[in-house]
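Asker: Structure of the sequence below:
(one chain, ligands or ions: 1)
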Amino acid sequence: MIICFENRRHYLNTKYIIVAGGVISGVGKGVATASIGKILKEYGFRTTAIKIDPYINVDAGTLRPTEHGEVWVTDDGGEIDQDLGNYERFLGETISKINNITTGQIYNSVIKQEREGKFLGKTVQFIPHIPNEILERIKVASSNYDFALVEIGGTIGDYENIPFLFAAKSLERQIGKENVVYILITYLPIPSHINEMKTKPTQQAIKSLSEHGIFPDIILCRAKEPLDDVRKKKIEVYANIQREFIISAPDIPTLYKIPLNFEKEKLGKKILKKFGIKKRKKACFKHWEELVENIEHPRKSVKVAMVGKYLDIGDYSLHDVYISIKEALIHAGANLGVGVETEWINSKTLEKNEHNINKLSSYDGIIIPGGFGETGIEGKIAAIKFAREQRIPLLGLCLGLQLAVIEFARNVCSLAGANSTEFNASTRYPVIDVLPTQKKLLENEQIGGTMRLGVYAALLKENSLTLSLYKKSERIDKDKESLKEMLGRKNERYRIGRTPIGKNTVLERHRHRYEVSPEFVHFLEDSGLKITGFHKRLDDINLIEFIEIEDHPFFIATQSHPEFKSFLEDPAPLFLGTIEACLKRKKKKKR
Ligand code: GLN
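Answerer: Okay, the predicted model is just below:
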C-alpha cells in the first residue's frame, strides 16, 4: 500500500454498504449508489462512495471512450470511471482518486511490495494478499466517514469480481455483520413477446452471490415498470428476505428523481434499520425537488448544438462520452427553469459543407467539447468561425479553447495554416503546442497519468464576462477555502504555482497535454483576443486558461473542464452563462 494512511484509525467507526449488480451491467448501479449516498448525507451522516473497477488498467486514463465512456477527472488528478462523477454530482462534494480501486492498482502495489522485500520471504499469493490490499484501500478511502458505499463494478458471476467479493466477506468478518449491509441491484426484463416481468435472472443473481457467502440484505429491482406484488413475493421466497427490503426501481425520465423515489420507498430508513441506527437529522429535499420539477416541467427551453466527435460502436453511438457536459447543461437549466435540448452534431459532417454549417444558425448556442486526435477537427473549427461571425453563443471546453485560438489565429490574425502540433507537427504557426516538459514525456512514451491533470488555479481578469459569471456564483469563496487547504499541502503547491491568490482566483479541473504557445499570446491579444484568465506556473510561465471575444454576445472558451465541477445544487458558472446567453438569443430571434 503506497497511499497515505493518515486517518486510518477512524475506519472502525465506518459502516459499509456493499453494492453489487446482477443480471446485466448498465442498469444504473452507479446512480443508485450515488442516490443512496445523497439520502444518507441528508440524514446527517458523513458519507462517501468508492468505486471498484475490476479491470487490469491502473486507471481509466488510457481507455478509449468507446470502451468506457467519458473519463472523469478528480481534483487530485485521477482519471476515473464516470460513476465517480455521479457520486460527486449527487453528494455535492469532491471525491479523491483514492475512491477508485482497480485490479491494476492492486496487483501493481502487491508486486511492488514483493520486489521491495516487504513480505519478508513469504510466498505472495492471491489469497490473502490480493483481498488484503483491496481491504486496505477501502479502509483508507472510507476513514473519517460514517458510511461508505462500495460499488463493485461489473456483474456477479464475472471472474474479475471474485477478489473483491472475497474482500467484502473479509471486511464483514473483521468488523462484524452488524456494520455491513449488502445491496444487490438486479434487472427484471419484460420480454416483448410475452409482456411479463421475469424474476428468473434475479433468482440466478441471488444464487451466484450466495456462492460467495453473501446474502443480500436489500434487493433493488431495476425494471422498465414498477415491481408488482406477485414478483415481490417470488423474490421474497427465493432470497428469503422480508418484502419490505425488496425495492422497486422502475425507469424514470430524470436520474435526479431517483433519490426522491428511494425516499418514497423509505429505502434510507430501511438501510438504517438494518444497521440498527436512527437518522441524525430530518432530511430536507425541498431544493432538490424544486430543481427536479424544473427538469421535468421547464418553463422555457433552449436548443444547444454539441459539435463533437461521435464514436460509434456498431449501430449505436455513444453520447456517454460527453456525459458530464450534458449533466452540467441540465444543472444550469434546472437552476434557471430552462429545459436544455442537446443535439449531437458529428463535426465531420461540417467539413467543407456550407449547407450543414449554415444549419447551425437554428441553434441557440454551440458547445465545442474536449477531445483528442485529428478526426473532425476542421469541422469544429468551421463551427467556431460560424459562431464567431454569426454571433451565436459559444462555449469551448479544453480542445474547444485550443480550436478557438487556432480559428482566431487563422482568420483574424491572418496566420494561414495555424494549427496545433497535435494535428500538424510541422505547422508554420504552432499556436497550440506541447511545452518542453510534456515533450520529454512523449518522447519517453510515458503516456498514462502524465497529462496536466486535476485542479489548477487561474486568476481571472477584472472587467471580463468570465469573472462576472464566477462572481455571481459562490465559487470564488468556495475555491478560496480550497486554495487555503492546498497551500497547507506541500505536494500540491504546484497546482497553484505562482498564480496570485487574489480575490479572483478559481480552481477548475484539467486533462490535456497541449497549451496555447506562450510566444503567440501577445500576437493574439494585439489582434483583439481577450485573455481573461491564466495560471502562472512555478517556473513563471503563464498558461492561458480562459479567453473571450469582446463585442460578441457570448464567446468564452476555457482550457479547463468546468463540467467536472458542476452539481445540481451548484451549477458551473460558465454553463449558467451559456444557457442565459442562449435564452437571450432565442428571445431576440422571436422579435
Ligand atoms: N487534445 C488536447 C490536448 O491534449 C485537448 C484535450 C482535451 O480536450 N481534454 O491538449
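Asker: Please state the backbone phi and psi of whatever residue of the chain ends up closest to the ligand?
Answerer: Proximity to the ligand, evaluated over the chain using C-beta to the nearest ligand atom, is greatest for Gly370 at 2.7 Å. For the C-beta atoms, the positions are set from N, CA and C on the backbone; glycine is no exception. Dihedral pair for Gly370: phi -70, psi 170, per degrees, to the nearest 10.
Asker: pretty sure it contacts His561?
Answerer: Yes: at 6.3 Å, Gly370 counts as touching His561 under the criterion of C-beta atoms under 8 Å.
Asker: The ligand contacts on the chain?
Answerer: With C-beta under 6 Å from any ligand atom as the criterion, the chain meets the ligand at residues 370-372, 398-399, 422, 511-514.
Asker: And these, which two are furthest apart?
Answerer: Across the residues of the chain next to the ligand, the longest distance by C-beta to C-beta is 13.9 Å; it joins Glu422 and Arg511.
Asker: chain center to stretch 117-133: distance?
Answerer: 34 Å (C-alpha atoms, centre = their mean, to the nearest Å).
Asker: Quick check: neighbours shared by Gly370 and His561?
Answerer: 397-398, 511 (C-beta atoms under 8 Å, 6 or more residues apart in numbering).
Asker: Which of the residues of the chain next to the ligand fall in strands?
Answerer: 511-512, 514 (DSSP state E).
Asker: just those now: which is nearest Ile556?
Answerer: Ile556 lies nearest to His512 out of these, by C-beta to C-beta, at 17.2 Å.
Asker: Wait, that closest one touches Cys398, no?
Answerer: Yes: between His512 and Cys398 a contact is recorded at 5.4 Å, counting by C-beta under 8 Å.
Asker: who touches both of these two?
Answerer: In contact with both His512 and Cys398: 370, 559, using C-beta under 8 Å, 6+ apart.
Asker: tell me the centre residue of this protein?
Answerer: The centroid of the chain falls nearest to Gly85 when counting by C-alpha atoms, centre = their mean (2.9 Å).
Asker: Just give the nearest non-adjacent residue to that residue, would you?
Answerer: Once flanking residues are discounted, Gly85 sits nearest to Trp72: 4.3 Å by C-beta to C-beta, 6 or more residues apart in numbering.
Asker: any idea whether the closest residue to Pro54 other than its chain neighbours is helix, strand or coil?
Answerer: Closest residue to Pro54 apart from its sequence neighbours, by C-beta to C-beta, 6+ apart: Glu160 at 3.6 Å. Judged by DSSP: H, G, I helix; E, B strand; the rest coil, the three-state class of Glu160 is helix.
Asker: residue boundaries of the helices in the stretch 351-500 of the chain?
Answerer: 354-358, 377-390, 399-411, 436-443, 465-472, 475-488 (DSSP state H, counting those that start in this stretch).
Asker: lowest-confidence stretch among these?
Answerer: Least confidently modelled of the helices of the stretch 351-500 of the chain is helix 436-443, at a mean of 69 by mean pLDDT.
Asker: what sits against the residue of the chain closest to the ligand?
Answerer: Neighbour list for Gly370: 397-400, 511-512, 561 [criterion: C-beta under 8 Å, 6+ apart].
Asker: got a winner among the residues you listed for most neighbours?
Answerer: Gly400 (27 neighbours; other C-beta atoms under 10 Å).
Asker: Please verify my assumption that it contacts Ile377.
Answerer: No: between Gly400 and Ile377 there is no contact under C-beta under 8 Å: 11.4 Å.
Asker: Quick check: which ranges of the protein have low pLDDT?
Answerer: Flagging of the chain using pLDDT under 70 yields the residue ranges 1-12, 66-68, 310-319, 440-449.
Asker: can you name the farthest residue from the center of this protein?
Answerer: Gly121 (41.9 Å).
Asker: So it: helix, strand or coil?
Answerer: At Gly121, secondary structure determined by three-state DSSP is coil.
Asker: what do you get for Ile127?
Answerer: Three-state assignment for Ile127 (three-state DSSP): helix.
Asker: now swap in the one 10 residues further on and tell me
Answerer: Under three-state DSSP, Arg137 falls in the helix class.
Asker: Skipping adjacent residues, who's closest to it in space?
Answerer: Ile101 (5.1 Å).
Asker: ok so, going back, now for the residue nearest to the centre of the chain: which residues touch it?
Answerer: 70, 72, 323-324, 327, 564 are the contacts of Gly85 under C-beta under 8 Å, 6+ apart.
Asker: Just the element for it, please.
Answerer: If you go by DSSP states H and E, Gly85 is part of helix 83-91.
Asker: Figure out how far that helix is from the centre of its chain.
Answerer: Put simply, helix 83-91 sits 7 Å off its chain's centre (C-alpha atoms, centre = their mean).
Asker: residues of it that come out buried?
Answerer: Going by neighbour count (16 or more other C-beta atoms under 10 Å), the buried part of helix 83-91 is 83-91.
Asker: could you dump the residues you listed to a markdown table with distance to Leu459?
Answerer: Below are the buried residues of helix 83-91 laid out as a markdown table (distance: C-beta to C-beta, whole Å):
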| residue | distance to Leu459 |
| --- | --- |
| Asp83 | 33 |
| Leu84 | 28 |
| Gly85 | 27 |
| Asn86 | 31 |
| Tyr87 | 30 |
| Glu88 | 25 |
| Arg89 | 27 |
| Phe90 | 31 |
| Leu91 | 29 |
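Asker: List just the nearest of these to Val412.
Answerer: For these, the nearest to Val412 is Gly85 (35.8 Å; C-beta to C-beta).
Asker: returning to what we had before: would you mind putting the contacts of Gly85 into TSV with neighbour count and secondary structure alongside?
Answerer: What follows is those, written out as TSV (neighbours: other C-beta atoms under 10 Å; DSSP: H, G, I helix; E, B strand; the rest coil):
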residue	neighbour count	secondary structure
Glu70	24	coil
Trp72	27	strand
Ile323	17	helix
Ser324	28	helix
Glu327	23	helix
Phe564	26	helix
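Asker: Just list whatever residues bridge to the residue nearest to Arg137.
Answerer: Ile52 (DSSP bridges).
Asker: and the closest residue to Asp320 other than its chain neighbours, what is it in contact with?
Answerer: Closest residue to Asp320 apart from its sequence neighbours, by C-beta to C-beta, 6+ apart: Gly69 at 3.7 Å. Going by C-beta under 8 Å, 6+ apart, Gly69 touches 82, 318, 320-321, 323.
Asker: of all these, which two lie farthest apart?
Answerer: By the measure C-beta to C-beta, Gln82 and Leu318 form the most distant pair in the contacts of Gly69, at 11.6 Å.
Asker: any idea whether Gly77 is helix, strand or coil?
Answerer: Counting by three-state DSSP, the backbone at Gly77 sits in coil.
Asker: Am I right that it is in contact with Asn491?
Answerer: No: judged on C-beta under 8 Å, Gly77 makes no contact with Asn491 at a distance of 11.3 Å.
Asker: neighbour count winner among these two?
Answerer: Gly77 (22 against 8).
Asker: quick revisit: now render the shared contacts of Gly370 and His561 as a markdown table, adding distance to Gly528.
Answerer: Rendered in a markdown table, the data for the shared contacts of Gly370 and His561 read as follows (distance: C-beta to C-beta, whole Å):
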| residue | distance to Gly528 |
| --- | --- |
| Leu397 | 22 |
| Cys398 | 22 |
| Arg511 | 29 |
